[in-house]
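> Let me see the structure of the following:
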Amino acid sequence: METADMPFVQKKLGRKYIKSFASGIAHMFACSAQHYAWLAYQHRLPTATIDLLELRIEPADFDIERNRILAGMCQKSLLRNVGQLAPPGAVVSAVLSAHFGIDDYSKDWCSASIGRAVFTVILTDDRGKEWRVDHDEERMLIQS
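From the prediction side, this is the model:
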């Protein structure tokens, strides 16, 4: 339905799109997670968890301004996407977890990396269904 006042009315999306929301967030996070990876290696903490609705990052060693910026970008993307769901569809829980292969450290003359990183996003809808996506990176550069 297009009118002169609203030339691009956006169609509301069904619940099946929730999985694609999760996939986009996992990929977005993975592309910029080098500082999380570095902190994981430095603090010997292989796992970080982010509640994307509350914007809570755990453990506390990861909860710094730089990391809150990336988590906030993921939250903003999630909220924008969820706003497109057709009523009564809603996401009531959104958790991102990152597991870093900190035991597989490698460094050469210009960069450092760790082993396999797995980024998991689990979105739960208002009916209790979980939509899970895992995004794997074989090696993860770490920002030092």
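
> So K12 versus K129, what's the distance?
From K12 across to K129, the span is 18 Å (C-beta to C-beta, to the nearest Å). In short, each C-beta sits where N, CA and C put it, glycine included.

> give me every residue that touches D134.
Shown in contact with D134 (C-beta atoms under 8 Å, 6 or more residues apart in numbering): 26, 118-120.

> What about those residues, which are in strands?
Using DSSP state E to define strands, the subset of the contacts of D134 located there is 118-120.

> Can you tell me which of the residues you listed has the most neighbours?
F119 (25 neighbours; other C-beta atoms under 10 Å).

> Correct me if wrong: that one contacts C31.
No - F119 lies out of contact with C31 (C-beta atoms under 8 Å); the separation is 9.9 Å.

> Report the separation between the closest residue to H43 other than its chain neighbours and H35.
Excluding its sequence neighbours, the residue lying closest to H43 (C-beta to C-beta, 6 or more residues apart in numbering) is D61, at 4.7 Å. From D61 across to H35, the span is 12 Å (C-beta to C-beta).

> again with R68
For R68, the distance to H35 - C-beta to C-beta - is 11 Å.

> likewise M28?
M28 sits 15 Å away from H35 when distances are taken as C-beta to C-beta.

> The longest strand along the chain pairs with which strands, parallel or anti?
The strand that spans the most residues within the chain, counting by DSSP E, is strand 91-107. Counting by DSSP bridges, the strands paired with strand 91-107 are strand 47-51 (antiparallel), strand 112-125 (antiparallel).
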